[in-house]
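Student: Predicted model and sequence below, questions to follow.
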Amino acid sequence: MFGFSATTVAWIGVGVAAASAGMSAYSASEQADASKKAANYQAQVAANNAKIAQYQRSSAIQQGEVDAQTAMRQQAQTLSAQRAALASNGVDLTEGSSQDLLATTKFLGAADVNTIQSNAARQAWGYDVQGMNASASGQLDKWKADNINPAGIGAMAGASSLLSSASSYASAGAFKSAGGGQTATMKMRPGSW
């Protein structure tokens, strides 16, 4: 047909297999490199989310303190208004129902303050958990990135492609006619690929 000898055809096949292995190695290396970059990016996003959660935690505690101070001022104003109203009507503030009224106002005001502070603490705790989860996720992504070796993955893909090609050629008898009708053998030492 083209006048190629069996040896030439066999070497062309070896060249094609080597080129294919090179492309497989390059492609696998590029994919691994992209995976590594994506994992590093995700780790940075998680670290940023952890910082944001800490800012939100601080903000929740501060807002809770502001709201508690506001509630205490309102309670003080209510108590003052009640005392003034009772005193202007000539009611003794130290006994009976007037004393009960003032004690109830103090109790309800303290309960409001406690509820505000408790809600702020719960919200802050939620941000703490969110931050811890983001940090853990970031550490996992960083670990993934650190354990991706694009060069190693590329070498393994190339070697695998070569072995697969060699197996296909051997089973198809591509090396038979190159050695006078006998199948050529390929000897590979460990680490030679």
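Tutor: Good, I have the coordinates.

Student: Is Gly90 within a helix or a strand, and which one?
Tutor: In this assignment (DSSP states H and E), Gly90 forms part of neither any helix nor any strand.

Student: and it, how far is that from Gln99?
Tutor: According to CB to CB, to the nearest Å, Gly90 stands 15 Å off from Gln99. For every residue, glycine as well, the C-beta is placed using N, CA and C.

Student: Neighbour count for the two, which is higher?
Tutor: Ranked by neighbour count (other CB atoms under 10 Å), Gly90 and Gln99 place Gln99 first, with 14 against 6.

Student: Which secondary structure element is home to the residue nearest the centre of the chain?
Tutor: Central residue of the chain (CA atoms, centre = their mean): Ser137, 3.6 Å from the mean position. Using DSSP H and E, Ser137 falls within helix 96-146.

Student: tell me which residues of the very next helix or strand once past that helix are tucked away?
Tutor: Note on helix 96-146: by DSSP H and E, the next helix or strand toward the C-terminus is helix 150-172. In terms of neighbour count (16 or more other CB atoms under 10 Å), helix 150-172 has its buried residues at Pro150, Ile153, Gly154, Met156, Ala157, Gly158, Ser161, Leu162, Ser165, Ala166, Tyr169.

Student: Could you point out which of these is nearest to Ser59?
Tutor: Pro150 (41.4 Å; CB to CB).

Student: so what secondary structure elements neighbour the helix or strand hosting Gln77?
Tutor: For Gln77, the host element (DSSP H and E) is helix 6-88. Where contact means 3 or more CB pairs under 8 Å, 6 or more residues apart in numbering; DSSP states H and E, helix 6-88 is packed against helix 96-146, helix 150-172.

Student: among those, where is the model least confident on average?
Tutor: For the helices and strands packed on helix 6-88, mean pLDDT drops lowest on helix 150-172, to a mean of 75.

Student: quick one, phi/psi of Ile148?
Tutor: Backbone geometry at Ile148, expressed as degrees, to the nearest 10, gives phi -100, psi 120.

Student: hmm, back to that, please verify my assumption that the residue nearest to the centre of the chain contacts Ala47.
Tutor: No: contact between Ser137 and Ala47 fails when scored by CB atoms under 8 Å: they sit 9.4 Å apart.

Student: quick one: the helix holding Ser137 to chain centroid distance?
Tutor: Relative to its chain's centre, helix 96-146 lies at 26 Å (CA atoms, centre = their mean, to the nearest Å).

Student: Kindly reformat the buried residues of helix 150-172 as TSV containing distance to Asp67.
Tutor: Below are the buried residues of helix 150-172 laid out as TSV (distance: CB to CB, whole Å):
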residue	distance to Asp67
Pro150	53
Ile153	55
Gly154	58
Met156	60
Ala157	60
Gly158	64
Ser161	66
Leu162	70
Ser165	72
Ala166	74
Tyr169	78
